[in-house]
Structure formats: structure tokens, C-alpha cells
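Q: Compute the structure for the input listed below.
(chains A and B)
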2 protein chains.
Amino acid sequence: MSDTWSAFEARMNELSDLGGVMGLLGWDEQTMCPPGGRGARAHHGATIATIAHQRVVDPAYGEAIEAAGSLPDLTVAQHAMVREARRSRDKATKLPESFVRAMAEQRSATNQAWEHARATKSFADYEPALKKLMRLKVEEADHLKGDGTRYDALLDDFEPGMRLERLQPLLESLRDRLVPFAQRVLDAPQPDTSVLSQGFATEDQYAFSLRVLSDLGFDFEHGRQDLSTHPFTGGTAPSDVRLTTRVWEDWLPACLYATVHECGHGMYEQGHAPELWRTSVCGAPSLGLHESQSRFYENVIGRSLPFWEHYLPVAREFVPGKLDGVDAEAMVRAVCAVGRTPIRVESDEVTYNLHILLRFELEVELIEERVAVADLPEAWNARMEQYIGYTPKDDLEGVMQDVHWSEGLFGYFPTYTLGNLYSAAIREAMARDLSIDDHVRAGEFAPILGWLRDKVHAVGAVPLGEQLMIDVTGKPLQIDSFMNYLETKYNALYNL
Amino acid sequence: MSDTWSAFEARMNELSDLGGVMGLLGWDEQTMCPPGGRGARAHHGATIATIAHQRVVDPAYGEAIEAAGSLPDLTVAQHAMVREARRSRDKATKLPESFVRAMAEQRSATNQAWEHARATKSFADYEPALKKLMRLKVEEADHLKGDGTRYDALLDDFEPGMRLERLQPLLESLRDRLVPFAQRVLDAPQPDTSVLSQGFATEDQYAFSLRVLSDLGFDFEHGRQDLSTHPFTGGTAPSDVRLTTRVWEDWLPACLYATVHECGHGMYEQGHAPELWRTSVCGAPSLGLHESQSRFYENVIGRSLPFWEHYLPVAREFVPGKLDGVDAEAMVRAVCAVGRTPIRVESDEVTYNLHILLRFELEVELIEERVAVADLPEAWNARMEQYIGYTPKDDLEGVMQDVHWSEGLFGYFPTYTLGNLYSAAIREAMARDLSIDDHVRAGEFAPILGWLRDKVHAVGAVPLGEQLMIDVTGKPLQIDSFMNYLETKYNALYNL
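A: Residues are numbered from 1 along each chain as shown, chains lettered A, B, ... in the order given. Presented below is the predicted three-dimensional model:
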């Protein structure tokens, strides 16, 4: 047994190391790499990705996986390692090399067309490239789908184990309950947010963000924070997790909530049990689960009255004189303000999922070839009107706002909403064991992190996403926890 | 032809990319990596090094090299690419894998013993490990030496093409001329250096170093500078070169000259012609040549009167009030002060090579088994007394000061002196075309860099080291350029 397992383990370790190296290449490119070094960096990334792909499709790796999988007395974690290794290898071997190359080229072409079309503000300049890409995505899904649907095949890259037949009714029920609630909140009188845009020095905001990171429990012995244009969580291993944030001098929440959001991702990665390190299950079961941790910290913790009851006096030390005229209630109302806005990444906690739902519905229709690429702008705008009550002025405010589809990312958007659903379900379960609000109000974040470590972070990707939900909350994924959380919170904030 | 060459080129490119990736891993470890991430980093580095080694020893690579080498009409650069690829592959295939592993383990053990022995100040705690390491180095040299000597085999890692029968008489003649000259300078009245240790704020020194870097011609579009404990030049490619420096608040030269030194290395790497990028000759022909560029900028340019005539007013802006009481002559005398000091890395331009010569002589005797490891401290101290006139108080001041031997680096030390010899020969050749002093005094560094780019940097490792010397200076490597430079400079500085 030991030799068979070791042979499999050595290959898993090597792939994990290559993943760590790619993590460093990517982090460095966004934070440290001099501008003229990007060309060389592309070569380095491609070389490592090619080597990793060769290692994955190597038939000897397939044999090592199956030999390990047929060993008696595997632990639950070992079974999961075999399952995940097999899943990603199957995927890699199912796509012909010529297809992979064609897709990479088309992604790049579509990206360029997207950038060009954003400059000319003309969907017509984007449409042909997106059409070609969609044709390839259909082909990819047909290669991969097995006995599932095309959309299942795409979802599986991001939310393994999730199926359209499970997801679609869930998100439809969310839409049916969320749309009318959102209308009520949007129609209510809106709070004053001017306190957030007074102008705050970059170094003051950054210092405050480091203080909050440290309070929440991010481990600087095994991680760091830097600046980048778009905040992200990267790094090379659970012992080396790297967050980035950004600072907007005229909008206080930009830096703070980017940091708190990435902190949720980062503490998740730092929390995987050491026995999972360098294996195929050292990570989240799904992007949705990963997002649950960032959303939990950003929205559940960070956009709460107890958070500002604790942090308003602290923030005043970092931005002296600026926050003297407000109280915690005014702060939380300001950072939770909602609006009929066209851009997803600038939207609020109430409308956010509506932005996602319209994308989900459109991409299902696209992959099932029930809507034509040419008809996307109209279909997009109609749903924006229907769900949020806003009509985009142009396609920059509409279908051309996100880069995801140009990158070939279909089946990705729903993970954001799944993250919100997971985070609310986790909050409900946590509240049975802890007085979350009391801890936050007292600035005691260790019990909260300890609970998440124990129940969510440590197990990594040993369970699939929905199984983890059942383990943690006692029931499958559902929308009630989220809608109850949202309704209670915003009814109070807006005195509805 | 084209397919054969392309097959070879693709493998060269891949190896170059892996080298670039290792460059990033190493740079990051010294500058950015959180302390707790070092363990994971060791795995990443080992995995990439193993993959690179597998690629190098792959028989198909050997065939690709030979097929490319037998193509008709190769350019000079292509011939050199084949030569260098073959040289490093031959070396990699000559050492049995069991030997490579034993050597890696013994290096690590010797390093630990060295650190322990430095703590206990006892050579006896170091001796057994160094003895074992020496036995392995002898074995390595015997594997590699072919028709040369053992020392030739070790030298070839750092100074390809150099042979002991050429190097030994050269360094003996240097010693015979340098020892009496050094005594005269050391016996002369020493200048006042107190101006350099007044206490200078870290941020002021760092800002000044960036100004000088930029003036000298370091390209920040394709490079950057950061801080690390030990300054070094790293990076991933000629388009992404990364220097580090350090700041000592109580010693102004520490930061400035570390920066100027690394700048010489860095501009060399930035200057390789684009047609050499991602090939086996994208680098210096030897460590000595690489060091020639750092020494040229640090000593020839940086420790000169014209340099301080230009930079004293500039430096006064960065450290206001501190340098008002001195003139350029006093500054250059202070930064060129010599002394009978035991530690190589703290020594001066006059005695530096004597520190190297004693190491060179001892390592030749060690590898030829003419001196026993047990007798090293005594042999070291005797030569220190003879060459520099200082008797080390203990082995920390003596044989245990450098980490090199513990790392298995034999044949490395002479490259420092070769760097000095090369730099002086280059200076002499440059002086035929340019008024170096006038340019430096005027702060015009572009003509100097342009000359080096053209003659030295662009050609990379297409010529071997000594051939490059002949191309650039019209004659083989010799000691006269260096000794003439040193005697003229220090006779003037010390009024001898």
C-alpha cells in the first residue's frame, strides 16, 4: 500500500507545487513585476502551465490515481484526494489538444474584441468574436458533459457536484422572493452617504485596513497584503497567502471592504489542515464556498451595526477629525445604501444577486442555443429593467461590463450568488453556537474564526460543496437563510 | 534546417523559462515571502529544479543539441548556443543521481555545522562536516575533470574556459606586485571617515540610491530595486531585473555602494541583445565578467573623485545639513580608506584581492589534497599575517567567515578577483574612446553605459570570457591594467 500511495502522492505534490509556482507568477505580475517584464512573464506562465498539463495527462498519472484509488482502507480524505485528482485529470484528457489551443486563441481574440468594443461603445464590434467563442464553449461542453447537460459541464469547473436541475429552481425561487423585496428597499428613502466621500489619505486608509486584517485574524506570519488595481487573493500555499487591496481616496469603503472581503478568502486558505497541504483537496470544495467566506466577512460581519459600534472609534484614530459627526448607525446605513445601478461590481448587497441572476439566465440560454449572441443586449436590458428597474444607457452599462464571458468563463457567475447563500446558511448555523453580534461588538474575532476554521476551513475540499453545507448546517443549500438575513437586516436599516 | 533548429530552440526556451521562474522564487524568498512561507517555498524550488534537471538530462535533448550543432551555416551566436547547451548538459549527465543527492545532503549538513560552529566559535565543530564535503568535491571533480585538473573542473562552473595553468601564474604575479603596494598604502596615514557615520535616515539614503540608480541608467521599466538583508541581483529575464540593497543608518556607503554595485550587475542583464533572450547564451560568459560590471560601477566609477564632484551637491539635497563640512576630495578619501581588517566583505579595494588570493591558494591545496582540513585555520591565519599584516583573533575572523565553502562553492572566489582584473582592462579600453572622468564629473552616464552595452552586454555569453577580453581590449587578460589603475589612484589619494 505505502509505495502505491506514495507514488500517487508524489505526483499530487508536484502538481500542487506547480500550482503554487503559478500562484506566485500571477501574484507578482499584478503587484511587483515591472511593466516591461510582462512579456517574459507570459512565457514563464505558459511554460509552467504546459508542464503541469503534460503531468496531468501523463497516462502514468492516470494509472497512479487508479492504483491509489483501489487501495483498501483509504481514509475519507484519501478517497477525496483520489476523487479530485481523477476529476481534474478526466477533464484535462477529454479535451483534444487542438481544441485547447483553439480555445486559448479565441479567448485572447474575444478579449481584444471586448476591449476594442468598449472603446468604440459598439456591441457590433464584439459580437462576432463572442459568437465564435460561444460555439467553442458549446463544443467544450459537449466534450465534457457525459450524462449531464451542457451547463452542468461548465458549472463543474467552479462548483463541482452542482447540477443545473438543482441550481435552476433554487435561483428561480430566490429571484421570485428577492425582486419584490429589492423594489421595496430601492423605493424607500435613501441614507446620506456623504461621510464616506470626504477624501481620506491613502496611507491612513491602508494603515486602517492592516489593523482590521490583523484584528480579524489574518496571519501575517503566513501571508501579506499589497496593493493592486483589482483586489484578489493569491499566494503559493496555505503558509503563504497574499491579499491585495486598493485605495480610493474619495470613497472610504473601497479599501476597507476590499480588504475585509479578501481577508475572508485569505483566512480560508490559511486554515486548511496541514495534512491536506500539497494534495488535490487543499482548497475549497468550490468557488461558491470560497466566496462564502469573503462575503461572510465583508457583508455579514463588516456591514453590520456591531462592526461599526466596535470600529468607529478605531477608524477615528486612523482618519482624525473626519468621522466625528457620525454615529455607528449612520455609518452602517451609509455602507449599506442600495441603488438602481447598472454595474454589478458597484452594486449593493440587496441588488447584487439580481445582477447575477440575469447573467445566469442568459448564459444558460446561450449554451443551450436558445438565445442568439446578437440578441444579448436587448435580452440583458429587458431583465435589468424587470429585476432592478434600471435601463442601461449603453452596452458598457449593459452586456459589455464584465470581462468574464470574453475569458470563456461561463458557469462562473452563479458562484457569487452561491457564495451569498452559503454564507447566510453558515451564519445561521454559527449563531446557534456563538453570539456573533456580541463578539463583533467587543472586537472578539477569534471565536468566529475558530468556528469557521473548525467547521469549514480545515476540511478543505474533502467534502463536496453541498455535502459540506449539510455537515455544517444540518441541511442542504436553501435560500431561506439568506432571504431571512437580508429581510431582517434591511427592514431594520430602512425602517420598513 | 528550420525544424531541427526549432526543436532545439524550444527546449532552450523552456529551460530558460524554468531559470526565470527559479529567479522569481529566489528573489521573492529574499524580499517578499512571509517568514512562515519558506517551507512551502523550498518545495516549490526543489520541484522546479528537479523538472529542469530532468529536461536537461533527457536523452532527446542531447540529440536535439547534436542535431542542431551539425546544421550547416550556423551563425556565431547559434554555435555558441549549442556549445553552452552541450556544456551544461554534459556536466549534468556526468554526475550520478546518487552523487547529486549525497552532495545536496552534505551541503546542507555542512551549512548547519558552519552555523553551529560560528555560535560555539569552535572550528572543531565544523571540521568533520567540511572534511566530508571536501571528499565529495574531490569525487565531483574527478567525475568532471576529463583531461584537465580537478580545480579546472570546479572553475568551469563559474569561469568556463579558464584553466588552473593559466589562472595560477596570473594570480601569483598579482600577489607579488600587490602585497608590497598594499603594505605601503596600509602604512600611510589614514583619512578621517567620521563624515560617513553621522547617522542618515533610511528613507533619505534609499531615495538617494534610487536617484543614483536612475542616473547611471538602470531601466525601471524593466527592473526594480527592493531591500534585503544581503544585496543581490536577481529577476526573471533581461526585461525584468531585480536589484536589492540594504541600508545601515550609521554608515552611508553601505546602501549607496551596494546599489551602485548591483546596478552594474543589473544593467549588464538588461543589456543582453533581444535575439539572445530565452537562449543558453543569454547571460555573462562567466561570473568574473558579471562581477567586472559591478566592480566597474562600484569602484572605477563610484569610488572616484569625479563621482563625488558630481554627487556631493546631489547627496546634500537628500541628507540635508550632514555633508556641508566636506568637499569631494574628503568624500572620496573617506570612501576609499583602507585598513588591516580580517573580514573580506568589509575590506577595501586595495586589500580585497589579497583576501581572495589566500582563499584561492587554500582551495587549490584542498582539492589537490595537499593541505588537510584540520590544518586550515593555521594556514589561513599565516597567510593573513603575510599578505595583510593582520592575525585573526579567532576563526570567525578567519576561516569560518564565509559561507561559500559550506555551500560547496570551490573555484568561486577567484571570480571576484577576475572581476576586478576584467573591470580595469575594460576601463583602459573605454578610456581610449571616452573621457570617462569628464563624463562622470558632468553626470553624463549614458555614453559609458552605451559603450558597455555595445561591447560587453549585448553579446551575452556568445564569446567565452577571455575571448571577450580580447575582443574588447585587444589583448588577453592581464594584471597590468588593474595594478596601474590601483597604483595611480591610491598614490594620488594617499600622496605617496
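Q: Please count neighbours and contacts with C-alpha atoms only from this point.
A: Will do.
Q: Around chain B, pick out the residues from chain A.
A: With Cα under 8 Å from any Cα of the partner chain as the criterion, chain A meets chain B at residues A:14, A:17-18, A:20-21, A:24-25, A:33-37, A:40-41, A:43-44, A:47-48, A:220-224, A:236-237, A:239-240.
Q: Can you say which of those residues are buried?
A: With burial judged by 16 or more other Cα atoms under 10 Å in any protein chain shown, the buried subset of the residues of chain A next to chain B is A:14, A:17-18, A:20-21, A:24-25, A:33-34, A:36-37, A:40-41, A:43-44, A:47-48, A:220, A:222-224, A:236-237, A:239-240.
Q: Show me the residues you listed that map onto strands.
A: Using DSSP state E, the members of those that fall within strands are A:Gly223, A:Arg224, A:Thr236, A:Ala237, A:Asp240.
Q: Could you dump those into CSV and include pLDDT?
A: Listed next are these as CSV, based on pLDDT from 0 to 100:
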residue, pLDDT
A:Gly223, 98
A:Arg224, 98
A:Thr236, 97
A:Ala237, 98
A:Asp240, 98
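Q: What's the mean pLDDT across stretch A:483-496?
A: For stretch A:483-496, mean pLDDT rounds to 97.
Q: Please apply the same query to stretch A:279-287.
A: Here the average pLDDT along stretch A:279-287 is 98.
Q: again with stretch A:350-365
A: Here stretch A:350-365 scores 98 as its mean pLDDT.
Q: residues in contact with it?
A: A:151, A:171, A:175, A:178-179, A:182, A:338-340, A:344, A:371, A:376, A:379-380, A:383-384, A:387-388, A:410-411, A:413-414, A:416-417, A:486 (Cα atoms under 8 Å, 6 or more residues apart in numbering or on different chains).
Q: among these, which ones are buried?
A: Neighbour counting by 16+ other Cα under 10 Å classes A:151, A:171, A:175, A:178-179, A:182, A:338-340, A:344, A:376, A:379-380, A:383-384, A:387-388, A:410-411, A:413-414, A:416-417, A:486 among the contacts of stretch A:350-365 as buried.
Q: Okay, now the unreliable bits of the stretch 1-150 of chain A?
A: A:1 (pLDDT under 70).
Q: List the buried residues for stretch A:432-441?
A: Using 16+ other Cα under 10 Å as the test for burial, stretch A:432-441 gives A:Ile436, A:Asp437, A:His439, A:Val440, A:Arg441.
Q: And stretch A:403-423, by the same measure?
A: For stretch A:403-423, burial by neighbour count (16+ other Cα under 10 Å) applies to A:405-423.
Q: now swap in stretch A:263-283 and tell me
A: For stretch A:263-283, by 16+ other Cα under 10 Å, it's A:263-273, A:276-283.
Q: Could you pull out the strands in chain A for me?
A: For chain A, the strands defined by DSSP E cover A:223-227, A:233-237, A:240-245.
Q: Using TSV, lay out these together with distance to A:Gly474.
A: TSV is the format used below for these (distance: least, Cα to Cα, whole Å):
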stretch	distance to A:Gly474
strand A:223-227	33
strand A:233-237	29
strand A:240-245	31
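Q: Out of those, flag the one nearest A:Asp192.
A: Nearest to A:Asp192, of all the strands of chain A, is strand A:240-245, at 25.5 Å by Cα to Cα.
Q: Neighbouring strands of that closest one in the sheet, and parallel or not?
A: Applying DSSP bridges, strand A:240-245 is found paired with strand A:223-227 (parallel), strand A:233-237 (antiparallel).
Q: can you give me the offset of it from its chain's centre?
A: From the chain centre to the centre of strand A:240-245 is a distance of 15 Å (Cα atoms, centre = their mean, to the nearest Å).
Q: surely A:Asp324 meets A:Arg316?
A: Yes - contact status for A:Asp324 versus A:Arg316: in contact at 7.2 Å, counting by Cα atoms under 8 Å.
Q: Quick check: the closest residue to A:Ala429 other than its chain neighbours vs B:Pro377, distance?
A: The shortest distance from A:Ala429 to any non-neighbouring residue, by Cα to Cα, 6 or more residues apart in numbering or on different chains, is to A:Thr473 (5.2 Å). Relative to B:Pro377, A:Thr473 is positioned 69 Å away (criterion: Cα to Cα, to the nearest Å).
Q: Pick out whichever of these two has more residues nearby.
A: A direct count of neighbours by other Cα atoms under 10 Å in any protein chain shown for A:Thr473 and B:Pro377 places A:Thr473 higher, at 19 against 16.
Q: For the more buried one, give me its contacts.
A: A:Thr473 neighbours (Cα under 8 Å, 6+ apart): A:Ala425, A:Ile426, A:Glu428, A:Ala429.
Q: check contacts around A:Ser197.
A: A:Glu249, A:Asp250, A:Trp251, A:Leu252.
Q: Try it again at 7 Å.
A: Listed by Cα atoms under 7 Å, 6 or more residues apart in numbering or on different chains, the contact partners of A:Ser197 are A:Asp250, A:Trp251, A:Leu252.
Q: Quick one: low-confidence residue ranges for the stretch 351-496 of chain A.
A: Residue ranges of the stretch 351-496 of chain A with pLDDT under 70: none are present.
Q: picking that back up, narrow the contacts of stretch A:350-365 to those in helices?
A: Members of those lying in helices (criterion: DSSP state H): A:151, A:171, A:175, A:178-179, A:182, A:376, A:379-380, A:383-384, A:387, A:414, A:416-417, A:486.
Q: quick check: longest helix of chain A.
A: With secondary structure taken from DSSP H, chain A has its longest helix at helix A:2-31.
Q: Check which residues of that one are buried.
A: So, applying 16+ other Cα under 10 Å, buried residues of helix A:2-31: A:4-5, A:8-9, A:11-30.
Q: how close does A:Ala188 get to chain B?
A: 47 Å (Cα to the nearest Cα, to the nearest Å).
Q: neighbours around that residue, how many?
A: Per other Cα under 10 Å, the neighbour tally for A:Ala188 reads 13.
Q: Please name the residues that touch it.
A: A:Tyr494 are the contacts of A:Ala188 under Cα under 7 Å, 6+ apart.
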